[in-house]
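**Q** build me a model from this:
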Amino acid sequence: MLNTSPHRSWTMARVGQKDTKPEMVVRRLVHGMGYRFRLHRKDLPGSPDIVLPGLRKVIEVRGCFWHRHPDPSCGRARVPKTRQDFWIPKLERNAQRDAENERQLRALGWDLMVVWECQTTPQHRQYLEAALQGFLSG
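**A** Got it, this is the predicted structure:
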């Protein structure tokens, strides 16, 4: 039952775009450091996840699968074995849109940090916290 096409469609339709677990991890860390921020500002390219207007900095939290995490050691970024004629162009469009949004944000004078889903796991938390602190204080 779990591998049927209708069940797979049902599962994929429930993948959220906002308030995901990785995004919540990053938000808690940034808030815990004493920073206050805005969420998903629609007036900025790509509606960034976390926006710190006073610092002119944005943090994007990206899912490794959906946004094609380029790190070869990340197992979450693999392409599905079925329907590759659908998935490859779709995932490549996501990555191209991300790159264009990054370019536009930087052109508008915003500094950007990308946090990948795999970097929000408990074993990477200390590194993530240090990276966020460095980005936000720099």
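**Q** C-alpha from now on. contacts and neighbour counts both.
**A** Fine.
**Q** now do the same for the residue nearest to H67 when sequence neighbours are not counted: helix, strand or coil?
**A** Spatial nearest neighbour of H67, chain neighbours left out: A95 (5.4 Å); criterion: C-alpha to C-alpha, 6 or more residues apart in numbering. Using DSSP: H, G, I helix; E, B strand; the rest coil, the structure places A95 in helix.
**Q** count of neighbours near A95?
**A** Residues near A95, counting by other C-alpha atoms under 10 Å, number 17.
**Q** now this protein, which segments are flagged as low pLDDT?
**A** Along the chain, the model assigns pLDDT under 70 to residues 1-17.
**Q** all helices of it, in order?
**A** Taking DSSP state H, the helices of the chain run over residues 5-13, 21-32, 84-107, 125-137.
**Q** redo the ones you listed as a markdown table? Include distance to H40.
**A** Shown next, in a markdown table, are the helices of the chain (distance: least, C-alpha to C-alpha, whole Å):
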| stretch | distance to H40 |
| --- | --- |
| helix 5-13 | 21 |
| helix 21-32 | 11 |
| helix 84-107 | 13 |
| helix 125-137 | 18 |
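**Q** any idea which of these is most buried?
**A** Of the helices of the chain, the one with the most neighbours on average (mean count of other C-alpha atoms under 10 Å) is helix 21-32, at a mean of 16.
**Q** how about the contacts made by I59?
**A** By C-alpha atoms under 8 Å, 6 or more residues apart in numbering, the residues touching I59 are P48, D49, I50, V51, L112, M113, V114, V115.
**Q** max pairwise distance over those residues: which two?
**A** Across these, the longest distance by C-alpha to C-alpha is 13.5 Å; it joins V51 and V115.
**Q** circling back to that earlier point, surely the residue nearest to H67 and P70 touch.
**A** No: using C-alpha atoms under 8 Å, A95 is not in contact with P70; the gap is 9.9 Å.
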